[in-house]
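1. how would this look folded up:
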Amino acid sequence: MKKILFLCAATISFATAQTNPTISQTEVTRIENELAADAMQGRKLFTPGIDKASAFIEQEFAKIGLGYWGTLSNYRQEFQIRGKAANNVIGVIPGKSKPNEYVVFSAHYDHLGTEPTGTDTVYNGANDDASGVTAVIALAQYYKTLNNNERTLIFVAFTAEEVGGFGSRYFSKNIAADQVVAMFNIEMIGTESKWGKNSCYITGFEKSDFGTILQRNLQGSPFQFHPDPYLAEQLFYRSDNATLAALGVPAHTISTSKMDAEPNYHQLSDEVNTLDLANMTEVIKSIAVSAQSIVQGKDTPSRVK
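-> Numbering: from 1, shown residues only. So this is what the prediction gives:
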């Protein structure tokens, strides 16, 4: 996340827990620990660390059995930033009856790198945004196993968010925006939200009925999606959802981060041991369940004007 924070949270025990067989805290912990490991060297753009992170995400997509996006022959969407090579990582589950309608689940996998000296030199970015990428991988596994998506599902890990959102902008320019039904951008879900557990913040809540649909799908649970209370901060326009939103897509960011009280944000201390992994797992489950009617083609969020 670049110089901003978003909010959301959830710790929720669904009565229909059997519908989430592939989202386990054990698996979430495994993925999170890999992405936020010192070996990833802070996942800074144009470093061996970010290449290693990309390779790990590609490996996870292959294990799940995701397809390739468009004309790509692998999971890497390659392009250049300032004359240097960079890549997003994209995997796909084709839709059954509505393959030309897309639902995107996204997060950014880059972070801040390392410091040259000190006791702790790695910006692990456990919350920012290894937590979001962990969610994307877990959701891909969930929907691949569930196997009931009528719309095509696109799972993407963006590069270069921290230096200007280059990855999401390139992705957005190379997809037909009018075919994207919704975008779930997931950012910093490893800590409890402003409202405590069972609550979530969605940027641009008032700009479409995306959040209303999600909340309706969680009827009977204690979970709540809240409108953005920080409208003056213009958060809706300042993350990886922004480019597609500008093209009319109901593209929104979900997070648990408290923008006025996150002591580890952009700090060397943003490590896995600062996260609530049980709560994070429940956040991912809430996204999975709340997105079901959109994934199945039953609900279509209104466009952003």
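
2. Excluding covalently adjacent residues, which one is nearest to Phe205?
-> Closest residue in space to Phe205, ignoring its immediate chain neighbours: Pro227 at 3.8 Å, by C-beta to C-beta, 6 or more residues apart in numbering. In this view, the C-beta of every residue, glycine as well, is placed from N, C-alpha and C.

3. Please name the residues that touch that neighbour.
-> Tyr201, Ile202, Phe205, Glu206, Gly211 (C-beta atoms under 8 Å, 6 or more residues apart in numbering).

4. The same query, at a cut-off of 10 Å, please.
-> Tyr201, Ile202, Thr203, Gly204, Phe205, Glu206, Gly211 (C-beta atoms under 10 Å, 6 or more residues apart in numbering).

5. Let me have the residues you listed in a markdown table, extended by neighbour count.
-> Shown next, in a markdown table, are the contacts of Pro227 (neighbours: other C-beta atoms under 10 Å):
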| residue | neighbour count |
| --- | --- |
| Tyr201 | 30 |
| Ile202 | 27 |
| Thr203 | 31 |
| Gly204 | 23 |
| Phe205 | 22 |
| Glu206 | 11 |
| Gly211 | 25 |
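
6. quick revisit: and the residue nearest to Phe205, how far from Leu146?
-> As judged by C-beta to C-beta, to the nearest Å, Pro227 and Leu146 stand 29 Å apart.

7. In the helix or strand containing Leu139, which residues are buried?
-> Leu139 belongs to helix 131-146 when assigned by DSSP states H and E. Across helix 131-146, burial judged by 16 or more other C-beta atoms under 10 Å covers 131-144, 146.

8. Show me how far it is from its chain's centre.
-> Average the C-alpha atoms of helix 131-146, do the same for its chain, and the two points are 9 Å apart (C-alpha atoms, centre = their mean, to the nearest Å).

9. do stretch 278-290 as well
-> For stretch 278-290 - counting by C-alpha atoms, centre = their mean - the centre lies 12 Å from the chain centre.

10. mean confidence for that stretch?
-> Throughout stretch 278-290, pLDDT has a mean value of 94.

11. For that stretch, C-alpha coordinates in CSV please.
-> Provided in CSV are the C-alpha atoms of stretch 278-290 (Å, rounded to 0.1, in the frame of the first residue of the first chain):
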residue,chain,number,x,y,z
ALA,A,278,-7.1,-16.6,12.9
ASN,A,279,-8.9,-13.3,12.2
MET,A,280,-7.2,-13.0,8.8
THR,A,281,-8.5,-16.5,7.9
GLU,A,282,-12.0,-15.5,8.8
VAL,A,283,-11.7,-12.3,6.7
ILE,A,284,-10.9,-14.5,3.7
LYS,A,285,-13.8,-16.8,4.4
SER,A,286,-16.1,-13.7,4.5
ILE,A,287,-14.9,-12.5,1.2
ALA,A,288,-15.4,-16.0,-0.3
VAL,A,289,-19.0,-16.3,0.9
SER,A,290,-20.0,-12.7,0.2
